[in-house]
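**Q** What shape does this take:
(one chain, ligands or ions: 1)
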Amino acid sequence: MTLLAVDLKEGTKTVHAEAERSKFVKYFFKGEISPAVYGRFLISLYQIYSALEKALDEHKDNANIQLIYFPKELSRKQALEEDLEFFNGSEWREMLNPVSPAQKAYIEAIERCSATKPELLIAHAYVRYLGDLSGGQILAKKLQKYNDLPEGKGVAFYSFDEIEDKTGFKDQYRIRLNQVEVDEVTHNQIVQESCQAFIRNIDIFQEFDDELVGLPLSKKEQEALEAAQAADAAKATTLMSSLAPSNLINSLAVAVGLRSSA
Ligand code: HEM
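**A** Numbers count the residues shown, from 1 in each chain. Below you'll find the model as predicted:
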């Protein structure tokens with residue numbers, strides 16, 4: 001059987017690229033996410049991590065879960081509480097309801113894995129924690145840069161105080177992933193569940209799409225838009241010429257059998 005860490009990285013490449021392309025991430029990079037929207041995004045994260053960390057705790061004695069169980073180093077719930085207080089004030093708990101459709105679907109997916117096949121929780125831990133230790137670090141810098149945050153405030157979620165060397169830790173985590181002992185079907189299910197988890201993250205991002213205001217398009221985006229508009233215009237011209245009177249009469253004549261279609 002191939003190595004799980006390798007299959008996870010390969011198997012999620014396309015959805016990872018899709019996540020990076022999402023509108024929310026693009027706006028994040030340009031510093032266009034308002035503190036109010038970010039405060040509500042933190043609520044979504046809190047829902048996910050509450051479910052994930054509860055499930056991992058419940059299965060910490062499972063030999064495979066044990067391999068990737070690092071509560072001291074990785075747990076994000078407490079850090080999220082700090083950031084939630086910073087961005088939303090002390091009443092942030094009142095914002096946990098109603099649970100949005102994307103939050104609900106994500107929580108239910110985690111709970112389903114926990115109840116039916118705990119090994120699939122490895123997928124959820126992988127997608128979130130390795131993501132936070134990778135792209136998450138870039139997001140933290142953007143957040144600080146554009147929001148002029150007071151020193152050390154608002155970015156607890158991205159700060160892994162118990163991990164000195166993030167690259168080294170990620171390497172260790174991948175070694176642990178490769179030590180997971182499951183049959184081939186479960187191995188493949190973990191990869192599939194990871195792809196699904198990426199899509200659930202994209203769904204969470206999309207819940208904010210309507211609240212993001214228009215940014216000027218980059219040159220590349222402008223060119224892609226113009227090319228798409230030109231293609232649409234060409235299609236419309238072809239359609240119009242097929243509807244020209246002489247073509248219509250021919251088509252009708254063929255339809256009623258006055259002319260052959262040849
Ligand atoms: C903001 C846009 C993002 C950027 C710029 C980004 C960037 C990166 C980079 C540079 C790596 C490679 C790190 C390394 O190998 O050490 C990485 C890995 C990873 N990212 Fe992202 N990422 C983004 C969004 C996301 C999202 C939304 C998720 C999932 C929620 C995610 C999950 C992951 C995972 C699981 C890995 C580990 C891949 C592996 O080595 O197996 N990323 N990301």
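
**Q** Work out for me the element the residue nearest the centre of the chain sits within.
**A** Centroid-nearest residue in the chain, with C-alpha atoms, centre = their mean: N201, separated by 2.8 Å. Using DSSP states H and E, N201 sits in helix 184-206.

**Q** Same check on A125?
**A** A125 belongs to helix 121-125, assigned by DSSP H and E.

**Q** Can you list the helices and strands that that helix packs against?
**A** In terms of contacts (3 or more C-beta pairs under 8 Å, 6 or more residues apart in numbering; DSSP states H and E), helix 121-125 is packed against helix 35-58, helix 63-67, helix 101-116, helix 184-206. (C-beta placed from N, C-alpha, C; glycine too.)

**Q** neighbours of the residue in the chain positioned nearest to the ligand, just the number please.
**A** Residue of the chain nearest the ligand, by C-beta to the nearest ligand atom: G135 (2.3 Å). G135 has 14 neighbours, counted by other C-beta atoms under 10 Å.

**Q** cool, and E111?
**A** Other residues close to E111 by other C-beta under 10 Å number 13.

**Q** give me every residue that touches it.
**A** 51, 55 (C-beta atoms under 8 Å, 6 or more residues apart in numbering).

**Q** so what's V182 closest to, chain neighbours aside?
**A** E119 (5.4 Å; C-beta to C-beta, 6 or more residues apart in numbering).

**Q** ugh, wrong one, E181
**A** Going by C-beta to C-beta, 6+ apart, E181 has N64 as its nearest residue, at 6.5 Å.

**Q** Please look at D7 and Q192 and confirm they touch.
**A** No - here D7 lies out of contact with Q192, judged by C-beta atoms under 8 Å, at a distance of 10.4 Å.
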